[in-house]
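Engineer: One predicted model, sequence on top.
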Amino acid sequence: MGWTPKDKVHELYIASDIYVIPSLWHEAFSITTLEAMAAGLFIVASDRGGIVEILERYPRKIIIKDVSAIRLAAVLKNIVMRWDNLRLERKFCSHVISFDWYRITSKVEKLYKVVVNVS
């Protein structure tokens, strides 16, 4: 698909139903996973690093332990076969709000103030 301009990325989420992040390495944090959650997409992810934590309370997900092309294809086929039921579950996840930039920057600012006062 190639590179997508930042101001057009939201259009991809709106047009999508499933988001796949089959990371082979440990991801510290995944902004794109948060964006997919905010869009209410069904998420298929590997159990690497922070991705699992981000998705912990997100209901529309499948976590894959052993990522391979065959395993991923089987999981996606299963999702497509059950799509009529899964599609009805699409809803906003309030857990995403906890990752709002205003909340995050406020927490970081408070932490910096604590660290500066302690030093």
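Structural biologist: Perfect, I can see it now.
Engineer: Just the element for the nearest residue to residue 30 once chain neighbours are set aside, please.
Structural biologist: Computed as Cβ to Cβ, 6 or more residues apart in numbering, the closest residue to residue 30 that is not its neighbour in sequence is residue 51, at 5.4 Å. C-beta coordinates here come from the backbone N, C-alpha and C atoms, glycine included. In this assignment (DSSP states H and E), residue 51 forms part of helix 50-54.
Engineer: Give the next helix or strand downstream of that helix.
Structural biologist: Per DSSP H and E, the first helix or strand lying C-terminal to helix 50-54 is strand 61-64.
Engineer: on that earlier part again, burial measure for the residue nearest to residue 30, as a count.
Structural biologist: Residues lying near residue 51 (other Cβ atoms under 10 Å) number 22.
Engineer: Could I get the contacting residues of it?
Structural biologist: Taking Cβ atoms under 8 Å, 6 or more residues apart in numbering, we find residue 51 in contact with 21, 23, 27, 30, 33, 45.
Engineer: what does the average pLDDT come to for the helix holding residue 51?
Structural biologist: Helix 50-54 shows a mean pLDDT of 88.
Engineer: Also stretch 75-87?
Structural biologist: pLDDT averaged over stretch 75-87 gives 84.
Engineer: residue contacts, the most centrally placed residue in the chain?
Structural biologist: With distances taken as Cα atoms, centre = their mean, the chain has residue 33 as the residue nearest its mean C-alpha position (2.2 Å). Residues near residue 33 by Cβ under 8 Å, 6+ apart: 19, 21, 43, 45, 51, 54-55.
Engineer: List the buried residues in the helix ranked longest in the chain.
Structural biologist: When the chain is parsed with DSSP state H, its longest helix is helix 101-118. Neighbour-count burial for helix 101-118, counted by 16 or more other Cβ atoms under 10 Å, picks out no residue.
Engineer: Using PDB, write out every CA atom in stretch 43-60.
Structural biologist: The C-alpha coordinates for stretch 43-60 follow below in PDB (Å, rounded to 0.1, in the frame of the first residue of the first chain):
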ATOM      1  CA  ILE A  43      -7.600  -6.300  16.200                       C
ATOM      2  CA  VAL A  44      -5.300  -9.300  15.600                       C
ATOM      3  CA  ALA A  45      -2.000  -8.900  17.300                       C
ATOM      4  CA  SER A  46       1.000 -10.900  18.400                       C
ATOM      5  CA  ASP A  47       1.800 -11.200  22.100                       C
ATOM      6  CA  ARG A  48       4.900  -9.000  22.000                       C
ATOM      7  CA  GLY A  49       5.700  -6.400  24.500                       C
ATOM      8  CA  GLY A  50       3.400  -3.500  25.200                       C
ATOM      9  CA  ILE A  51       0.800  -4.500  22.600                       C
ATOM     10  CA  VAL A  52      -0.700  -7.000  25.000                       C
ATOM     11  CA  GLU A  53      -1.000  -4.500  27.800                       C
ATOM     12  CA  ILE A  54      -2.600  -1.900  25.500                       C
ATOM     13  CA  LEU A  55      -5.200  -4.400  24.400                       C
ATOM     14  CA  GLU A  56      -5.800  -5.900  27.900                       C
ATOM     15  CA  ARG A  57      -9.300  -4.400  28.300                       C
ATOM     16  CA  TYR A  58     -10.200  -4.100  24.700                       C
ATOM     17  CA  PRO A  59     -12.900  -6.600  23.800                       C
ATOM     18  CA  ARG A  60     -12.500  -6.900  20.100                       C
END
